[in-house]
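**Q** Sequence first, predicted model second:
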Amino acid sequence: MKKFSILLLLCIALVGCKDKSTDFGTVKYYPSFLWVSDSISPVVKTMDCDFSIDAQNDASSFAEFQFVDNYDKPIPTSEMQVKVDGVVAEHNIFRVYSKTDSVKLEFTFSPDAETGKHQGYLKLINHKLDRLDSQQLSVDQKVDVFQWTLDYDKSMNPLKKVLKWISITIVACLMFWFFIIRPSVYPHFGKFRKSILIKQNDIIVGQMTFAFTDARKVVFYDRKVKQSIWSRIFIGEIKTYVNPLFKTKLTFSPKRRNAAAFGTGYTVNPNPIPRSGVATINNHFEKLSITLS
């Protein structure tokens, strides 16, 4: 009686290993993002097949295998895909004939598969053999050949990762600027509101309430002070009170919780102007008197 047998080796000899288990490696994947397409790096292994002389002389002798999980359930192709010599294995099943010396196995996972460790068995599910390695086989006997382990590493698209870190860096720099650097270099008014009475030649020519709050500077002038949008955002807003009486600039800047005032021809008392209290500003050349209360 002819003895048909096969000895399997997968990259390293499995025969003689007590647990007959092997770690295949890691399948790597990242999804598409913008103009960078998705990418998957499969795990490729070579399984050497050493059929007996009798099996090699019978072209009909074969061994058919399937990848199953640790609970003996077939691994669906919707989760893991196996290619054998470049051809997709339907239901992750492949057949090896006695004339085959080796097969190249390529493993990939679906994008929706869970990241992490995947494990199972290579199972002999059909054959025309008498023996697998040193194990005697009966007709229709199914055998777990060895346990396999694959890791699945799903990572972020490299372009997305770069943009993410650029965004984090920009946000961190902006926060550092707005919350640490700017308040010390370019202080702003806190809650600060004044009632203003303007006299010229002792005649009331203007009366209003003006909010200094959140401004970097406040300017009383006969025309609006120009400021770029970037300066307004990153340095702070300069508020302008436009009145033709102010031929020269009267500028207010925050000083602690008060306001320091200065301008050519102006005298201020007291200076800094208290947030709660009265101050007077005079310009003798323009015969202006401003009371802030």
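**A** Sure thing, it's come through.

**Q** in the stretch 101-250 of the chain, which spans are strands?
**A** Secondary structure of the stretch 101-250 of the chain by DSSP state E, counting those that start in this stretch: the strands cover 102-109, 116-127, 131-132, 135-136, 143-154, 193-200, 203-211, 217-221, 238-242, 250-255.

**Q** winner for burial among those?
**A** Ranked by mean neighbour count, the strands of the stretch 101-250 of the chain are led by strand 217-221 with a mean of 22 (mean count of other C-beta atoms under 10 Å). Heads up, the C-betas are built off the backbone N, CA and C, glycines and all.

**Q** ok, that one: who's next to it in the sheet?
**A** If you go by DSSP bridges, strand 217-221 pairs up with strand 238-242 (parallel), strand 250-255 (antiparallel).

**Q** Redo these as CSV? Include mean pLDDT and distance to L34.
**A** Shown next, in CSV, are the strands paired with strand 217-221 (pLDDT from 0 to 100; distance: least, C-beta to C-beta, whole Å):
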stretch, mean pLDDT, distance to L34
strand 238-242, 91, 40
strand 250-255, 90, 44
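
**Q** looking at the strands of the stretch 101-250 of the chain, which is closest to A89?
**A** strand 102-109 (8.6 Å; C-beta to C-beta).

**Q** what's in contact with that closest one?
**A** With C-beta atoms under 8 Å, 6 or more residues apart in numbering as the test, strand 102-109 has contacts from 24, 27, 29, 40, 42-49, 79-86, 94, 96, 118, 150, 152.

**Q** Pull that strand out as PDB, backbone CA atoms only.
**A** C-alpha atoms of strand 102-109 as PDB (Å, rounded to 0.1, in the frame of the first residue of the first chain):
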ATOM      1  CA  SER A 102       6.100  25.600  -1.800                       C
ATOM      2  CA  VAL A 103       3.300  28.200  -1.700                       C
ATOM      3  CA  LYS A 104       3.500  31.900  -1.000                       C
ATOM      4  CA  LEU A 105       0.800  33.100   1.500                       C
ATOM      5  CA  GLU A 106      -0.100  36.800   1.600                       C
ATOM      6  CA  PHE A 107      -2.300  38.000   4.500                       C
ATOM      7  CA  THR A 108      -4.300  41.200   4.700                       C
ATOM      8  CA  PHE A 109      -7.200  42.500   6.700                       C
END
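
**Q** That one: partners in the sheet, and parallel or antiparallel?
**A** Strand 102-109 sits in its sheet next to strand 43-51 (antiparallel), strand 80-84 (antiparallel), going by DSSP bridges.

**Q** out of everything not next to it in sequence, what's closest to K255?
**A** Counting by C-beta to C-beta, 6 or more residues apart in numbering, the nearest residue to K255 once its immediate chain neighbours are dropped is P272, at 4.7 Å.

**Q** And for that neighbour, the neighbour number?
**A** 17 (other C-beta atoms under 10 Å).

**Q** which regions of the stretch 51-200 of the chain lie under the pLDDT threshold?
**A** 133-134 (pLDDT under 70).

**Q** I'd like the distance between the nearest residue to D202 once chain neighbours are set aside and S253.
**A** Computed as C-beta to C-beta, 6+ apart, the closest residue to D202 that is not its neighbour in sequence is S289, at 7.4 Å. Using C-beta to C-beta, to the nearest Å, S289 is found at 22 Å from S253.

**Q** circling back to that earlier point, just the buried residues out of the contacts of strand 102-109, in ChimeraX syntax.
**A** Under the burial definition 16 or more other C-beta atoms under 10 Å, those of those that qualify are selected in ChimeraX by:
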select :24,27,29,42,43,45,47,49,80,81,82,83,84,94,96,118,150,152
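
**Q** just checking, what packs against the helix or strand hosting F65?
**A** Assigning secondary structure by DSSP states H and E places F65 in strand 62-69. Here strand 62-69 touches strand 93-97, strand 116-127, going by 3 or more C-beta pairs under 8 Å, 6 or more residues apart in numbering; DSSP states H and E.

**Q** now the first one, how far from the centre of its chain.
**A** A distance of 42 Å separates the centroid of the chain from that of strand 93-97, by C-alpha atoms, centre = their mean, to the nearest Å.
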